[in-house]
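Colleague: Below are the sequence and a predicted model for it; my questions follow.
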Number of protein chains: 2
Amino acid sequence: MDYLNLVQPWAMGPPHTLAKTRIFDLNERRCASPTTPDKVGTFVYLDSPDWINVIALTRGSRVVMIEQFRHGSGEVTLEIPGGMVDPDESPADACLRELREETGYAGKKLDIIGAVSPNPAILNNRCYTGLVRNVTHAGAVELDTNEEIAVRLVPLGEIPDLIRRGVIHHALVICAFHHLLLRD
Amino acid sequence: MDYLNLVQPWAMGPPHTLAKTRIFDLNERRCASPTTPDKVGTFVYLDSPDWINVIALTRGSRVVMIEQFRHGSGEVTLEIPGGMVDPDESPADACLRELREETGYAGKKLDIIGAVSPNPAILNNRCYTGLVRNVTHAGAVELDTNEEIAVRLVPLGEIPDLIRRGVIHHALVICAFHHLLLRD
């Protein structure tokens, strides 16, 4: 069946920036309904670079994961490496770079196995997931000033139970493992 | 193995609101590293109510889904119903309310089958997923002013292919189906 043909896009006005931060801009824009043109609203959203995360597997099928403190939720989380795609960088290159910087692990062949909208209601970006097998430890981590990260090698077979129990609860990490599951 | 014990939480200062919107506040707060107390940074995050989404299945194993225009990404998406948890409302009640308002479908017994952090780097809330079986059409939809929604009944068996092909790409919707998969 065909999908995504029942509703028409709204006409979007130019963005107006309400606040700029290091990681996104808070914008608003006026939009008009395609079916009821006098229905006009102002909607806020975050203008953000694309993001990536990466499932890196050792030869022994362990996932290279990290524990880190997250400043949004104010808690320590268990995640796969991830971050923002730099300007003029491909999602695949960003995956290999973040893996190397955050964990010290490196790999060669990386496939993009999925892309999701982190939240199409309030964000305009995509998050790409890379998969790289047979990674090896290549050297020390290279953390940003405010990153404090500990590396964990987690057996791939433990992941479903860690998600079920809520130990892994970052939505974008769960999406990454879902795309891996759909591929296998 | 025990997880989430390798890294300590940062000491968080009081929040300062930079901008208020209908759906979240943009806040910042100063945080100090637990291991290097002179390492202090200011971090922005979105202070948001919790969210929910709901997998509603008809007796014929069809998923009650919606197509709608999303003002963040500027595109029409295929999703399960969802929204914000109102003050003094339980996640389960919010699921049944949003299902009824957005699709006209209603059900009785609802189970919360998962909870995720939409993005612990920049958001402080959780998104709960409800599962309700044997829903029936109970009446007209009750949309908010700016909602234009079309209902789709999608066979549950088609969901993996729709995610694989990127027709379904909302991260929180994919997490909902992942928690369903872990349960079944």
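Modeller: That came in fine, so what should we check first?
Colleague: Could I get the contacting residues of A:V116?
Modeller: Counting by Cβ atoms under 8 Å, 6 or more residues apart in numbering or on different chains, A:V116 touches A:126-127, A:129, A:172, A:175, B:169-171, B:174. All C-beta spots, glycine's among them, are computed from the backbone N, C-alpha and C.
Colleague: tell me the phi and psi of the residue in chain A sticking out farthest from the centre?
Modeller: Distance from the C-alpha centroid of chain A peaks at A:D38, with 36.6 Å (Cα atoms, centre = their mean). Backbone torsions of A:D38, given as degrees, to the nearest 10, read phi -80, psi 0.
Colleague: And A:S33, by the same measure?
Modeller: phi -60, psi 140.
Colleague: for A:A92, same thing?
Modeller: Phi and psi for A:A92, reported as degrees, to the nearest 10, are phi -70, psi -40.
Colleague: ok, it - contacts?
Modeller: Counting by Cβ under 8 Å, 6+ apart, A:A92 touches A:110-112, A:130.
Colleague: swap in A:R62?
Modeller: If you count contacts by Cβ under 8 Å, 6+ apart, A:R62 has them with A:153-156.
Colleague: among those residues, who's most crowded?
Modeller: Among those, A:V154 has the most neighbours (other Cβ atoms under 10 Å in any protein chain shown), with 18 neighbours.
Colleague: Would you mind splitting chain A into its domains for me?
Modeller: Split into domains by automatic domain parsing, chain A comes to A:11-47, A:51-183.
Colleague: Quick check: which of these is buried the most?
Modeller: Most buried of those, by mean neighbour count (mean count of other Cβ atoms under 10 Å in any protein chain shown): domain A:51-183, with a mean of 19.
Colleague: Ends of that one, what's the gap?
Modeller: The first and last residues of domain A:51-183 sit 21 Å apart, counting by Cα to Cα, to the nearest Å.
Colleague: give me phi/psi at the nearest residue to A:P155 once chain neighbours are set aside?
Modeller: Closest residue in space to A:P155, ignoring its immediate chain neighbours: A:R62 at 5.6 Å, by Cβ to Cβ, 6 or more residues apart in numbering or on different chains. Dihedral pair for A:R62: phi -110, psi 140, per degrees, to the nearest 10.
Colleague: What of A:V7?
Modeller: Dihedral angles (degrees, to the nearest 10) for A:V7: phi -130, psi 140.
Colleague: Burial check on it, number of neighbours?
Modeller: 18.
Colleague: Next: the one 3 residues further on.
Modeller: Around A:W10 sit 24 other residues, with neighbours defined as other Cβ under 10 Å.
Colleague: beta partners for the closest residue in space to it that isn't next to it in sequence?
Modeller: Leaving aside its sequence neighbours, A:W10 sits nearest to A:C31 (Cβ to Cβ, 6+ apart; 4.2 Å). Taking DSSP bridges as the rule, A:C31 bridges to A:M12, A:G41.
Colleague: which residues touch A:C31?
Modeller: Counting by Cβ under 8 Å, 6+ apart, A:C31 touches A:10-13, A:40-43, B:71.
Colleague: One more: A:M1?
Modeller: B:154, B:158.
Colleague: Touching, A:V151 and A:Q68? I think so.
Modeller: No - in this structure, A:V151 is not within contact of A:Q68 by Cβ atoms under 8 Å, at 10.1 Å.
Colleague: from the contacts of A:V116, which single one is nearest B:Y105?
Modeller: Closest to B:Y105 out of the contacts of A:V116 is B:H170 (19.1 Å), distances taken as Cβ to Cβ.
Colleague: Touching, that closest one and B:E75? I think so.
Modeller: No - using Cβ under 8 Å, B:H170 makes no contact with B:E75, being 10.6 Å away.
Colleague: what is in contact with those two at once?
Modeller: Residues touching both B:H170 and B:E75 (Cβ under 8 Å, 6+ apart) are A:P120.
Colleague: residues near A:D184, how many?
Modeller: So A:D184, with other Cβ under 10 Å, has 6 neighbours.
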